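**Q** build me a structure from this.
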Amino acid sequence: MRALYQMDLSGCTPEWALQSALEQSFDLKMEGHARDYAEELVNGVAFNLAEVDRAIESVAKDWAMSRMSPTDRNIMRIAVYEMLVSRQVPVASAIDEAVEIAKIYGSAESPRFVNGILGALAERARGGQSEP
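**A** Residues are numbered from 1 along each chain as shown. As a prediction, this is how the structure comes out:
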């Protein structure tokens with residue numbers, strides 16, 4: 001999330017953002033599989049950003065991506081990438097993890113907002129509805 005946030009605000013490359021985030025994350029032990037997965041998420045979201053953002057905007061009634069907090073926006077981007085693109089994580093797990101991250105890094109309203117957007121996307125996917 002930290003790397004995506006940095007890319008979002010500065011326009012830096014995924015490689016630089018990931019390296020910077022890892023260097024600044026003294027509280028995290030990012031080695032082996034965890035580091036590989038973080039790299040996959042950052043690169044996957046960056047490569048599929050237009051698709052991921054369209055999915056979020058399709059259910060975010062009256063909320064343009066630019067109006068969302070950068071923290072919420074990037075938390076949801078990770079979850080949407082996991083839910084709709086990589087599909088390596090169960091949908092419920094992706095949503096639960098996003099809500100937990102929103103509780104830590106977001107505002108008081110973030111968990112509810114993130115859950116609402118991701119829940120709507122999950123419901124659409126279960127119903128087999130395509131994006132508008």
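**Q** C-alpha from now on. contacts and neighbour counts both.
**A** Will do.
**Q** pop the domain breakdown of this structure in here.
**A** Listed domain ranges for the chain are 1-47, 49-132 (source: automatic domain parsing).
**Q** make a markdown table out of the ones you listed and add mean neighbour count and mean pLDDT.
**A** Listed next are the domains of the chain as a markdown table, based on neighbours: other CA atoms under 10 Å; pLDDT from 0 to 100:
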| stretch | mean neighbour count | mean pLDDT |
| --- | --- | --- |
| domain 1-47 | 15 | 79 |
| domain 49-132 | 17 | 89 |
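**Q** distance check, L9 against E100.
**A** Going from L9 to E100 by CA to CA, to the nearest Å gives 22 Å.
**Q** no wait, V52
**A** 20 Å.
**Q** please apply the same query to A120.
**A** Here the criterion is CA to CA. By it, A120 lies 18 Å from E100.
**Q** now swap in L22 and tell me
**A** 20 Å.
**Q** Q24 now?
**A** For Q24, the distance to E100 - CA to CA - is 21 Å.
**Q** where do the helices sit along the protein?
**A** For the chain, applying DSSP state H gives helices covering 2-10, 14-24, 32-47, 49-59, 70-80, 91-105, 110-126.
**Q** and the third one, what does it pack onto?
**A** In this structure, helix 32-47 makes packing contacts with helix 14-24, helix 70-80, judged by 3 or more CA pairs under 8 Å, 6 or more residues apart in numbering; DSSP states H and E.
**Q** neighbouring contacts of the first one?
**A** Under the criterion CA atoms under 8 Å, 6 or more residues apart in numbering, residues 2-4, 6-7, 30, 39, 42-43, 46 lie in contact with helix 14-24.
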